[in-house]
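Asker: Turn this into a structure:
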Amino acid sequence: MNLKNKNILVMGLARTGVACCRFLANQGAQVTATDMRDEAALAGVIAELDGAGIRWVLGRHDEADFMAAELIVVSPGVPMDHPLLQLAKGAGREIVSEIELAARFITAPLIAITGTNGKTTTTTICGEIFRANGFATYVGGNIGEPLIELVTSGQEAERVVVEISSFQLEWISSFRPKVAALLNISEDHLDRYVSYQDYIDAKLRIFEKQTAEDFAILNMDDPLVRDAAPGLQARIFPFSRSYELDEGIFCRDGEIVYRHEGLEARFSTADFRLKGVHNLENIMAALAAALLLGCRPAESFACVRDFEALHHRMEFVREVAGVGYYEDSKATNVGSVVKALESFADITLIAGGKDKGGAYAPLAPLVKERVRHLILIGEAARRMAAELGSLTDTRFAGSMEEAVQLAAGITAAGGTVLMSPACSSFDMFRDYEERAQRFIAAVMSL
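Answerer: Alright, predicted model coming up:
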């Protein structure tokens, strides 16, 4: 793809947009960068790209720029239905996402991992397995560095593992991973999509350009994922915690069993440092992708066995008076909280935050069975109480600190205090990391 002297518009100047500007300028393109934030807000970005010859259109978007562009690169934060994007699309302008642009310049096998929950953990584990097997490996996408940074850097990569969000898949056209994994689907981002089906359709686009030479790793325990299998062109490689599989990877009697083309490998789960039933699924998906692309069972097992939890995902904080405190701030949707609740009993659950539009009803059976106390915070507290409050002892707190103090006072020895919000953090905190740090600080002060 020759970009020299092409008139290219980059829309959105968050991390991905900045990386695209740098790459396109290095390729000799005529780059226009546009963002609704003004020069003062983007002073750091302007300084970072000083000397790259970029034309800045800030504090506004100009229709003329969209109509004049030969190619428009859209940052993930910009919704597809933006009027100027729809106008440009109608006029025949080519519009791509950053992963689409990057993939056109990458020749190494691409492993793409998506799903509502578990993407980051699975992507990280998969990358570590490839490295443990001696492959020069790049890990990025929706985690860490944008994929385009690999192309810009010129770094050698024999395997490329990327976490992919639904937003990144909205403007793909030829993006074709050698291995694509769909971990699960549950309601999320309904503040962005018109319907749940639109969100599902966006996720499924990861398989769109795959052929029979590629692999689709699918969670057979998730009905929405399972139902997608018949429509895919790639070779299906299933994983399951519930079923034994003749071909695929599954968990049974304390072992993960991998079967492919008559070969079988077994991995004991007894010494895994990574706990939680959901992490068995993440591990199976990561192992499947790695083993399908040339990794050896022994090195792969050693890597998985020693892998520890990522920050802000079911992370143990400390034990106080016989009560364990766990921080799961990355659980910003209901599906993620379901997995967390499946991992404990006798729970005091701290939940709530900025409502993302999905139903809380899927939590009801587990709340009734396992949550002894429910402490609600943030904007979503009243709606969560309306849907779940009658199922257990339910209380409200005005801050994270108050919620932790309340939990400490009502949780008996042997119980677990779990902060797993099912909501985004933006009503009370800068981001999920600040929410996590506030919880940790409150627990440490007990």
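
Asker: In which helix or strand does Ala202 reside?
Answerer: helix 196-204 (DSSP states H and E).

Asker: Let me see the residues that make contact with stretch 75-91.
Answerer: 10-14, 16-17, 20, 61, 63, 66-67, 69, 72, 74, 95, 97-98, 142, 165, 167-168, 170-171, 192 (Cβ atoms under 8 Å, 6 or more residues apart in numbering). C-betas here are computed from N, CA, C, even on glycine.

Asker: Pull up the distance across that stretch, start to finish.
Answerer: For stretch 75-91, the first-to-last residue distance is 20 Å (Cα to Cα, to the nearest Å).

Asker: go on, stretch 251-263?
Answerer: Note: stretch 251-263 ends 16 Å apart using Cα to Cα.

Asker: Same check on stretch 307-327?
Answerer: 18 Å.

Asker: Just the buried residues of it, please?
Answerer: Within stretch 307-327, the residues that count as buried by 16 or more other Cβ atoms under 10 Å are 307, 309, 312-315, 317, 323-327.

Asker: ranges for the helices of the stretch 101-250 of the chain?
Answerer: 119-132, 148-153, 196-204, 223-228 (DSSP state H, counting those that start in this stretch).

Asker: Show me what the longest one packs onto, helices and strands only.
Answerer: Meaning helix 119-132. Judged by 3 or more Cβ pairs under 8 Å, 6 or more residues apart in numbering; DSSP states H and E, the packing partners of helix 119-132 are strand 110-114, strand 137-141, strand 159-163, helix 277-292, helix 297-306.

Asker: Other residues contacting the helix or strand following the last one?
Answerer: Meaning helix 297-306. Downstream of helix 297-306, the next assigned helix or strand under DSSP H and E is strand 315-320. Applying Cβ under 8 Å, 6+ apart, the contact partners of strand 315-320 are 309, 324-328, 408, 436, 439-440, 443-444, 446.

Asker: Now do strand 315-320: distance to the chain's middle.
Answerer: 25 Å (Cα atoms, centre = their mean, to the nearest Å).

Asker: just stretch 126-141 next, same as before
Answerer: 18 Å.

Asker: one step back: and the helices of the stretch 101-250 of the chain, which is most packed in?
Answerer: Comparing the helices of the stretch 101-250 of the chain by mean neighbour count (mean count of other Cβ atoms under 10 Å), helix 119-132 ranks first with a mean of 25.

Asker: Now that helix: average pLDDT?
Answerer: For helix 119-132, the mean pLDDT works out to 95.

Asker: so how many other residues sit close to Lys339?
Answerer: Look at Lys339: counted by other Cβ atoms under 10 Å, it has 24 neighbours.

Asker: for Leu363, that is, sorry about that
Answerer: Residues near Leu363, counting by other Cβ under 10 Å: 24.

Asker: For it, list the residues it contacts.
Answerer: 334, 337-338, 341, 388, 422.

Asker: if you set the cut-off to 6 Å instead, what comes out?
Answerer: Counting by Cβ atoms under 6 Å, 6 or more residues apart in numbering, Leu363 makes contact with Val334.

Asker: That one belongs to a strand?
Answerer: No: judged by DSSP: H, G, I helix; E, B strand; the rest coil, Leu363 forms no part of a strand; its state is helix.

Asker: Who are the contact partners of Arg226?
Answerer: Met220.

Asker: my guess is Ile283 meets Asp306, correct?
Answerer: No: applying Cβ atoms under 6 Å, one finds Ile283 not in contact with Asp306, separated by 12.0 Å.

Asker: Quick one: end-to-end distance for stretch 404-424.
Answerer: End-to-end for stretch 404-424, by Cα to Cα: 19 Å.

Asker: I'd like the distance between Pro230 and Thr411.
Answerer: 47 Å (Cβ to Cβ, to the nearest Å).

Asker: Neighbour count: these two, which is higher?
Answerer: Just comparing Pro230 and Thr411: by other Cβ under 10 Å the higher neighbour count belongs to Thr411, 23 against 7.

Asker: Apart from its neighbours in sequence, what residue is nearest the more buried one?
Answerer: Spatial nearest neighbour of Thr411, chain neighbours left out: Thr348 (4.4 Å); criterion: Cβ to Cβ, 6 or more residues apart in numbering.

Asker: show me the contacts for the residue positioned nearest the centre of the chain.
Answerer: When Cα atoms, centre = their mean is applied to the chain, the residue found nearest the centroid is Lys119 (4.3 Å). Lys119 makes contacts with 113, 163, as judged by Cβ under 6 Å, 6+ apart.

Asker: circling back: in terms of neighbours, single out the busier of Ile283 and Asp306.
Answerer: Neighbour count, other Cβ under 10 Å: between Ile283 and Asp306, Ile283 has more, with 27 against 13.

Asker: got a list of what that one touches?
Answerer: Val304.

Asker: can we see that at 10 Å?
Answerer: Listed by Cβ atoms under 10 Å, 6 or more residues apart in numbering, the contact partners of Ile283 are 118, 121-122, 125-126, 129, 239, 249, 251, 256, 267, 269, 272, 274, 304-305, 307.
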